[in-house]
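S.K.: Provided below for reference: sequence and predicted model.
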Amino acid sequence: MRVRHFPLLFIVIIIAVFNIANGIMPENAEGISYEVGIKDIIEIDVLNHGELRTVATVASDGTITFPYIGTVMVKGKKIYEIEGEITKRLSEGYIKYPVVTVSLMKTMSRKIYIYGEFNKRGEVFYDDNMTIIQALSIVGGISEDGQYGRLIVKRKLNEKGNEYRELLQTDINKGLIEDRQIEDTLLMPDDILIVEQNKTFLIEGEVPKRGRFVLEKDMTVLRALLQAGGVTKDGSFGAIKVRRMREGGAGGYEVIGELKLYEKVIENKEIENMILMPDDILIVEQNKTFLIEGEVAQRGRFVLEKDMTVLRALLQAGGVKKDGSYGRIKVRRKQEGKFGDYEDLVESAVNDRVIESSEVEDVLLQPDDILIVERNKTFFIYGETQKTGEFTLTDNLTVFQALTIAGGFSKWGSGSRVRILRPKNNQLGYEKIKVNIDDVLDGDASADVYLKPKDTIVVSSGIF
């Protein structure tokens with residue numbers, strides 16, 4: 001009996017056809033796990049039948065059309081399953097032992113999804129070996145509202161499920177991905193790319209531009225102030241504060257940095273270089289002030305500059321007026337814990353417009369202090385003197401000295417007929433004090449009397 005020998009190629013073809021027909025594919029076959037979808041483009045070749053080569057787009061009903069056999073359902077099938085179906089149907093009377101090859105030319109059903117701050121959002125068709133940077137290029141990059149946001153990539157936990165896990169995340173700086181290695185990360189079908197909106201912070205208070213600002217990378221307090229246009233005049237000597245959300249986002253804000261300004265400059269470099277975080281609030285407070293009242297050239301509210309002393313404050317107010325030259329100066333300060341209540345802190349006499357106490361001169365003022373320059377204390381002269389009326393009471397002024405200031409006695413005045421009318425403390429009426437100027441002139445200094453505010457010197461006539 002003669003044994004017929006079949007060519008080796010023929011045997012290989014027979015085995016391949018058998019495997020395909022029965023759904024058997026090598027483990028390393030390309031596209032083994034991919035399921036064809038609507039709008040995918042596939043190429044079909046039949047060995048030694050070039051006229052049957054077909055490039056087909058999967059229709060909306062999931063089918064393609066192939067010569068001889070007509071409509072073939074391909075949606076949801078793997079490449080080797082399509083090869084097996086076409087092979088089987090061709091071998092049923094059309095071609096003996098057909099060898100069919102199906103290739104995926106372009107996938108239009110595999111997609112990735114783009115959400116958030118991109119210039120284009122929605123679905124993007126997936127290509128093999130698509131990277132993150134390629135996907136960003138397809139959608140026109142990141143929008144202005146995401147230039148300093150964050151990129152997140154999510155991936156399905158499994159092929160069939162709808163649950164996703166976070167694959168990676170990275171910061172975006174000026175619209176670019178911070179970590180360049182992440183740019184080349186390979187995407188997979190059904191991946192979701194999200195760009196979050198820019199993080200922001202707030203600036204309030206004495207700046208030209210208030211409101212919400214984009215939190216750029218390494219945004220410091222100083223950079224933030226410059227973006228807001230600097231500090232206004234009303235904040236030149238104020239204070240700057242940084243407020244931050246408490247841990248966990250609950251319980252409101254807390255102050256994490258505070259410092260006074262000096263001529264619009266932050267003196268502490270640590271505060272100046274502090275890095276802001278999302279939702280921080282930067283506050284430039286209005287200048288603290290103090291009040292000056294009384295006998296000064298300019299009264300009113302003044303900016304409390306750094307190291308503002310009583311003496312500096314008086315100079316800013318233009319100095320002491322004539323009517324306060326021999327008055328008193330006081331500093332009044334709010335009592336802690338008592339709304340609107342003040343107490344006298346220090347005081348000193350003023351002598352010829354000069355504060356007598358150097359300690360009072362150097363007292364440092366605090367917000368809302370009140371500096372008062374009281375009017376000169378006075379006394380009155382009435383009767384037989386060259387000048388009568390109201391006079392300024394200087395320190396340690398005696399009756400004899402006062403009469404000298406008044407030009408002395410008139411021709412009718414009598415040195416032995418001088419008396420002081422002194423208001424009684426908390427009582428109506430006057431106390432009468434006799435002063436014999438003749439005794440003073442004779443050298444008895446003890447006969448002279450020191451004047452007090454509101455004393456009235458009365459000089460009577462020596463003629464009866």
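M.R.: Nice, I can see it. Everything quoted here is computed from the prediction, not taken from an experiment. Numbering: from 1, shown residues only.
S.K.: what's the helix or strand for V360?
M.R.: V360 belongs to helix 358-361 when assigned by DSSP states H and E.
S.K.: by contact count, what packs against that helix?
M.R.: Here helix 358-361 touches helix 310-316, strand 342-351, going by 3 or more Cβ pairs under 8 Å, 6 or more residues apart in numbering; DSSP states H and E. Just so you know, the C-beta spots here come from the backbone N, C-alpha and C atoms, and that holds for glycine as well.
S.K.: now do 10 Å
M.R.: Helix 358-361 sits against helix 310-316, strand 328-334, strand 342-351, with contacts defined as 3 or more Cβ pairs under 10 Å, 6 or more residues apart in numbering; DSSP states H and E.
S.K.: just checking: what are the partner strands of the next helix-or-strand element following it?
M.R.: Sequence-wise, the next helix or strand downstream of helix 358-361 (DSSP H and E) is strand 370-373. Each strand paired with strand 370-373, and its direction, by DSSP bridges: strand 289-294 (parallel), strand 328-334 (antiparallel).
S.K.: which residues touch the helix or strand just after strand 370-373?
M.R.: With elements assigned by DSSP H and E, the helix or strand that comes after strand 370-373 is strand 378-383. Outside of strand 378-383, the residues within contact range by Cβ atoms under 10 Å, 6 or more residues apart in numbering are 323, 326, 387-393, 397, 399, 402-403, 405-407, 409-410, 412-414, 417-422, 451-461.
S.K.: for strand 378-383, the averaged confidence score.
M.R.: Averaging pLDDT along strand 378-383 yields 96.
S.K.: just stretch 449-462 next, same as before
M.R.: 94.
S.K.: keeping just the C-alphas, turn it into CSV.
M.R.: Listed next in CSV are the C-alpha coordinates belonging to stretch 449-462 (Å, rounded to 0.1, in the frame of the first residue of the first chain):
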residue,chain,number,x,y,z
VAL,A,449,2.6,132.5,98.9
TYR,A,450,2.7,130.0,96.0
LEU,A,451,-0.3,130.4,93.6
LYS,A,452,-2.6,127.6,92.6
PRO,A,453,-4.8,127.3,89.6
LYS,A,454,-7.8,129.6,89.5
ASP,A,455,-6.5,131.8,92.3
THR,A,456,-7.5,135.4,92.1
ILE,A,457,-5.1,138.1,93.4
VAL,A,458,-6.9,141.1,94.6
VAL,A,459,-4.9,144.3,95.2
SER,A,460,-6.8,147.0,97.1
SER,A,461,-6.2,150.7,97.2
GLY,A,462,-4.1,152.1,100.0
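S.K.: ranges for the helices of the stretch 1-150 of the chain?
M.R.: Assigned by DSSP state H, counting those that start in this stretch, the helices in the stretch 1-150 of the chain fall at 8-21, 79-90, 132-138.
S.K.: just to revisit the earlier point, now intersect the contacts of strand 378-383 with the helices, please.
M.R.: Those of those mapping onto helices are 399, 402-403, 405, per DSSP state H.
S.K.: could you dump the residues you listed into JSON lines and include distance to K174?
M.R.: Formatted as JSON lines, the ones in helices among the contacts of strand 378-383 follow (distance: Cβ to Cβ, whole Å):
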{"residue": "V399", "distance to K174": "86"}
{"residue": "A402", "distance to K174": "82"}
{"residue": "L403", "distance to K174": "87"}
{"residue": "I405", "distance to K174": "80"}
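S.K.: for those, work out which two are farthest apart.
M.R.: Pairwise distances across the ones in helices among the contacts of strand 378-383 peak at 10.7 Å for V399 and I405 (criterion: Cβ to Cβ).
S.K.: more neighbours: those two, which one.
M.R.: Neighbours were counted for V399 and for I405 using other Cβ atoms under 10 Å; V399 has more, 25 against 16.
S.K.: measure that one to V242 for me?
M.R.: Between V399 and V242 the computed distance is 66 Å (Cβ to Cβ, to the nearest Å).
S.K.: same question, L47
M.R.: From L47 over to V242 the distance is 75 Å, taken as Cβ to Cβ.
S.K.: which one of these two is surrounded by more residues?
M.R.: Using other Cβ under 10 Å, the more surrounded residue of L47 and V242 is V242, with 22 against 14.
S.K.: is that one bridged to anything, and to what?
M.R.: Taking DSSP bridges as the rule, V242 bridges to G257, L282.
S.K.: can you give me the pLDDT of it?
M.R.: Note for V242: predicted pLDDT of 94.
S.K.: isn't it right next to E258, touching?
M.R.: Yes. V242 is in contact with E258 according to Cβ atoms under 10 Å; the separation is 7.5 Å.
S.K.: now do the shared contacts for the two.
M.R.: The contact lists of V242 and E258 share 271, 283, where a contact means Cβ under 10 Å, 6+ apart.
S.K.: give me whichever of the strands paired with strand 370-373 is most buried.
M.R.: Neighbour counts (mean count of other Cβ atoms under 10 Å) averaged over each of the strands paired with strand 370-373 peak at strand 328-334, with a mean of 20.
S.K.: just how off-centre is it within its chain?
M.R.: 38 Å (Cα atoms, centre = their mean, to the nearest Å).
S.K.: try stretch 434-454
M.R.: How far stretch 434-454 lies from its chain's middle: 72 Å, per Cα atoms, centre = their mean.
S.K.: ends of it, what's the gap?
M.R.: 16 Å (Cα to Cα, to the nearest Å).
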